[in-house]
Every structure is written in structure tokens, then in C-alpha cells.
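whatever this is, show me its structure:
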Amino acid sequence: MASVETSSPEQHQDSGKAAAAGATRSYWRWHKDDFFPEPSFASWGAYRRALGATPARLRDRIAGRSTDAAELGALRRRSENEMRRCLTWWDLTWFGFGSVIGAGIFVLTGQEAHDHAGPAIVLSYVASGLSAMLSVFCYTEFAVEIPVAGGSFAYLRVELGDVAAFIAAANLILESIIGTAAVARSWTSYLASLINRPASALRIHAPSLVDGYNELDPIAVAVIAVTAALAMLSAKGTSRVNWVASAVHVLIIGFVIVAGFIHANPSNLRPFMPHGVPGVFRAAAIVYFAYGGFDSIATMAEETKNPSRDIPLGLLGSMSVITAIYCVMALVLSMMQPYTAIDRSAAYSVAFTSVGMHWAQYVVALGALKGMTTVLLVGALGQARYTTHIARSHIIPPVFALVHPRTGTPVHATALIAVASACIALFSSLDVLSSLLSVSTLFIFMMMATALLVRRYYVRGVTTRAHARRFVALLLLVIASSIGIAAYWGTAPERWQGYVVLVPAWAAATLGIQVLVPAARAPKVWGVPLVPWLPSLSIATNLFLMGSLGKDAFIRFGVCTAIMLVYYVLVGLHATYDVAHGACPGEDDDELAAADDGKVVAAADVEKADAADGGR
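Numbers count the residues shown, from 1 in each chain. Coordinates of the predicted model:
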């Protein structure tokens, strides 16, 4: 029987006592039981028995779903100490700028304008910005309703179950490590350009190593270490540093926009769309990742003073302004030079040089450097909070869930991501893995939109079986038609016949959810408007952009996901099973019984609802 993690008032009291007892222990502990406290790992014999029960446990975990109360209560107490509620909408707004506006706008704009979109790169930013805003809406509703550090992992665990949440968690940790390493190495390249040196001049060449891994980057390691240390010390202190750095960055962007328009020539906008609509959307799939990082803000909900007010203001406000900034910057670049003359790697610097402002290249390099610094800083905060909540579920060792009693920050989780990122940044150029990050990000955003629809239209004990079956069928049709549109676009973008079937199928499925399935839940404070249309559109746009990335990215994504699932079957599955069934030391013994009681009541409610529904 599948279990649901839940807790009673008595459990809250017992857990409080356990947490108080745990708080007296040293934070710096490295015993085997701190990493693998579950009975399945108590001995080799216990582990062999656990492996023998893998099929039954996997069925249990596929069906197992958490609850809002469990994420907000029982899981948070596993950190032993509380994170400090010290952030406001002002902090979150600037975190939005710090986490999103990095080097991407300076690098990707020129690359995609030159290769794919031409001056229509502005439309690429509009398309990707609209898609990002749809995902922001979904994240905002969840963050307001479930203000915990887990972000998308916690939300998916509640709505789609443990296995779906694990796939998201694995991709989140992979993104965190590789993304941080990539930005840190770019930081070194921009520092070199700022002092008029070649991009690799500050790296150590090691000819004995394989090509692509033979340029050692100790500066990248140092930058990761410094930003991680700041994130460990204080969330509020990090916010102040980010505010100052982001403000300077915005001033530099303002200079680029004003100076660019002064030297703009409207004739450079012709031809506006040299590679047609396919070029615009191919560029949109790439520049979309200039918007990446906003999901880090959702992970700070646990430290926000007033989540229901501050998160919508901070998240939606910052992303709306960022979208406008990106579009204007893309327009400026397109008007300064013909798209064929835009430099792929240093677009803005070369554009200013072409109009006689040679010194402006240093301003651009400084802006990119400051942008990458804040991306690393805010990333260190957000990624550690993802990791903390993932460890609270025991998918990874629970020692990484501990919050330091003095700083109120997850020091172990921050160190885990920092050390792994630094190891990769030291050796790897990461060129091969860049598109993998794109696929995994879009995949998680698609899952988030799916989870939002599940949250609104399916509630255990409220939704009847007939309505549940109808909803699942229509939701699968939304996803299938969206995949079909993306695949058709990828194989035959110039043809239109397939869209005559696929687009109406998507619209009919979405309309079917609205008309044929009654809403089972309404948001308490703030909710996504126009449900189910906006979440359904988010599913379609994310899958559409995924379809523009090419087969190699999907092959790498599939291989990495398979490796992650091997870890889940060998380790994560058995740890989470023990925890969900109350078999883990330090967990409430009554948790399984309480969960089973809740399921019996829920099943009885469904039977009554089915009877009232007339067996439809």
C-alpha cells in the first residue's frame, strides 16, 4: 500500500522534542548513521533484503505522494534548526535580478542574432520571455502555498509523487553543479578580456590531460569558494551584497542601452527575419536560458517574512522587468550593426568598437563579470536550499539537510554543491554538457506546469474516480499533442498540415479539462490566472522549445537520467521507503499508521463521491 507522509499534533510535539535533542549534538558530525540511518543500510544482509523487495517498494513509491502539511512540518524539522525568516519582497526582487541577468544576455544575443534570427532576435526574446513568465506563474502559486526550501522538488513530490520528484531532484542537482562550474569558468574568461588578455590566458595548460580537460582554472575554483562562503554566513548578508552588485550591473546595462541607441541605425533592421520563423524559434530555444535562475527565488520562500505577499511581488516583478530589459538590449544590438557583422562571442564590445567607442568594451566586460558574480552568489543560496530539502526526504544523505544553529543556513548542502562544482570547473570546459542543461531545465518547467494542473483538478478524497480518469486522459492528450507539435516542427517546420490536427487537439484537451473536470482546489491567497489555459500553454511552449534543441541533447539527457535512476533504485528508493513507512531511527513511529488512516478515510470519501456521482 502506498504511503503519504503526514503528521498529527502529537507528532509535532514529539518531533519538537527530537529536534531539541538533536540540536544539542554537534553540527559537524560524520558518522555512518548520519549519512545512512535507514534500516535498509544497517548491514549488508539488510541491504540485500531491501534489494530483493525493490519491485514492491518501487510500486509503493510511484504511488506515494507527500502533503503540504508534511513538507511544511515534518520535513522541515529534519533540519534540526530553522532557517531565519529575514527576507522581504525587496530582497527577492534583487535576487531575481542577481540570479537571472548574467553573462547570457551578452553572449547569447550576438551568437543567435548572427546564426539564426538576425534582427528578429528581439522576437526570440519575446517568445522565450513569455514562456519563462508562464513558468514563473506556476512557481509563484506553489511557493505561496508551500513556502519551503525545496522549490520544484517539494511541489512535484506533493502533486506527482516521489519518483517524479526524484527525477526533478537529480536534474536540479546536476544543473546546479554543472551550471555553477560553467559560469565560474566564464568568469575567468571575462576577467581575462577585462585586462586585454586572451580568454584562456589565466588558466594553467596541462598537456598531459585529455583535450577539453587540459586547461586548469584555479580562479574559477576561488570564485566558487568565495560566493559559497558568503552564502553560508547569512542569507540577509548575501542579499545586501547582491543588491549592491546588481544595482551596479543595472547601471551598466542602462549605459549599454542609452549609448547603443545614440549610435543606432534603423536600416540595420533590414532584412528583419533573414532565416524565417524557424530561425526565430531556434534562437528562442537557446536564449531562453538567459532567463534561467528565477526558480532559485522560490527556494527562499522558507526564509521570506510574508510569502503570500513578498513572493508574487519579488518573482513576477523582477521577471517582468528583466524580460523588457532583454528585449531592449537585443534591439539595441540589432540596430548598431548589420546582423552579418555581429561578433558571435563579444557582440556588444565589437559593436561599440565599430562606432568608435573602443573604451566601452571594458564597461561591457565589467557588466558581464558583475552579472556572473551575482548569478554565482544567488545560485549558491538557491541550490543549497534545493539540496537541503532533497536531503530532508533522504533521497540523498540526511546530513546535508542540517541547518547551522548559528548562521541559520544549510552549510553542509552549500559545501556539497560548491565542492562538486569546483572539481568540475577546475578541469572541464563543459562544451559538451551545455545543451544538456537546456533540456533538463525545460523538462522540469514542463513538469511544474503539469503539477499545477494536477493540484487544481485532483485532490485525494475530493475528486471522484470518474473525474480523475477523465482528467488523466485529457492531461495526457495535452502532453501528447504538445509533443506532436514539437516533433512536427523539428522535422518539417515549413509544412502546416500537421498543425491543423495537433493544435486543435491541444486546444480541445485543454477546453475539456475546463468544462468536463470540476476544479478540486482553489488557491488560498494567490493563484495562476486562466487555469487550465496558462499551465497547458506552458507545457506546450516548454516542449516546443525542447524540440528545437536537437537529438544529441536528448541522448545525453536520456543517458544521465538512466544513471540517476540506477542510483535511485540502489539507494534513494530504499531510504525514502524506510522514512515513509516510519522505519527510520529518529522518525515518528506513528507516521505510517497515520498515513494509512488518512488513506482509508480518503478511499472511503472517494467511494461516497462515486456513489453520489451516479457511477458515471
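
the strands in the protein, which residues?
204-205, 215-216 (DSSP state E).

relative to Met133, which of those is closest?
With Cβ to Cβ, the closest approach to Met133 among the strands of the chain belongs to strand 215-216: 37.8 Å. No exception for glycine: its C-beta is placed from N, CA and C like everyone else's.

just checking, what packs against that closest one?
Other helices and strands packing on strand 215-216, by 3 or more Cβ pairs under 8 Å, 6 or more residues apart in numbering; DSSP states H and E, are strand 204-205.

show me what the strand it packs on is packed up against.
Partner elements for strand 204-205 (3+ Cβ pairs under 8 Å, 6+ apart): strand 215-216.

the strand it packs on: how far from the chain's middle?
29 Å (Cα atoms, centre = their mean, to the nearest Å).

average pLDDT for that strand?
On average, the pLDDT along strand 215-216 is 86.

can you list contacts of it?
Outside strand 215-216, the residues that touch it by Cβ atoms under 8 Å, 6 or more residues apart in numbering are 200, 203-206, 426-427, 429.

one more time with 6 Å, if that's ok
Residues outside strand 215-216 that contact it (Cβ atoms under 6 Å, 6 or more residues apart in numbering) are 200, 203-206, 426.

swap in stretch 220-227?
Contacts of stretch 220-227 with the rest of the structure, by Cβ under 6 Å, 6+ apart, involve 184-185, 187-188, 376-377, 380, 418, 421-422, 425-426.

next, count neighbours for the closest residue to Leu381 other than its chain neighbours.
Distances taken as Cβ to Cβ, 6 or more residues apart in numbering put Ala231 closest to Leu381, at 4.9 Å, once the chain neighbours are dropped. Per other Cβ atoms under 10 Å, the neighbour tally for Ala231 reads 30.

now swap in Ala522 and tell me
Around Ala522 there are 8 other residues, counting by other Cβ under 10 Å.

same check on Ala259?
Ala259 has 18 neighbours, counted by other Cβ under 10 Å.

measure it to Ser267 for me?
19 Å (Cβ to Cβ, to the nearest Å).

contacting residues around Tyr190?
By Cβ under 6 Å, 6+ apart, the neighbours of Tyr190 are 365, 368-369.

out of those, who's the most crowded?
Counting neighbours by other Cβ under 10 Å, Ala368 leads the contacts of Tyr190 with 29 neighbours.

so that residue sits against Phe106, correct?
Yes. Taking Cβ atoms under 6 Å as the definition, Ala368 is a contact partner of Phe106 at 4.7 Å.

where do the helices of the stretch 1-150 of the chain begin and end?
Remark: helices assigned in the stretch 1-150 of the chain by DSSP state H, counting those that start in this stretch are 9-23, 32-35, 44-52, 54-63, 68-72, 74-77, 89-100, 104-112, 121-145.

wait, which of those helices is closest to Cys327?
Proximity to Cys327 (Cβ to Cβ) singles out helix 121-145 among those, at 4.9 Å.

tell me which residues of that closest one come out buried.
121-129, 131-145 (16 or more other Cβ atoms under 10 Å).

same check, this time on stretch 227-243
227-228, 230-235, 238-239, 241-243.

out of those residues, which is nearest to Leu51?
Closest to Leu51, out of all of the buried residues of stretch 227-243 and judged by Cβ to Cβ, is Ala228, at 35.8 Å.

residue contacts, the residue nearest the centre of the chain?
Centroid-nearest residue in the chain: Asp295, 4.9 Å away (criterion: Cα atoms, centre = their mean). Asp295 sits next to 139, 151 when contact means Cβ under 6 Å, 6+ apart.
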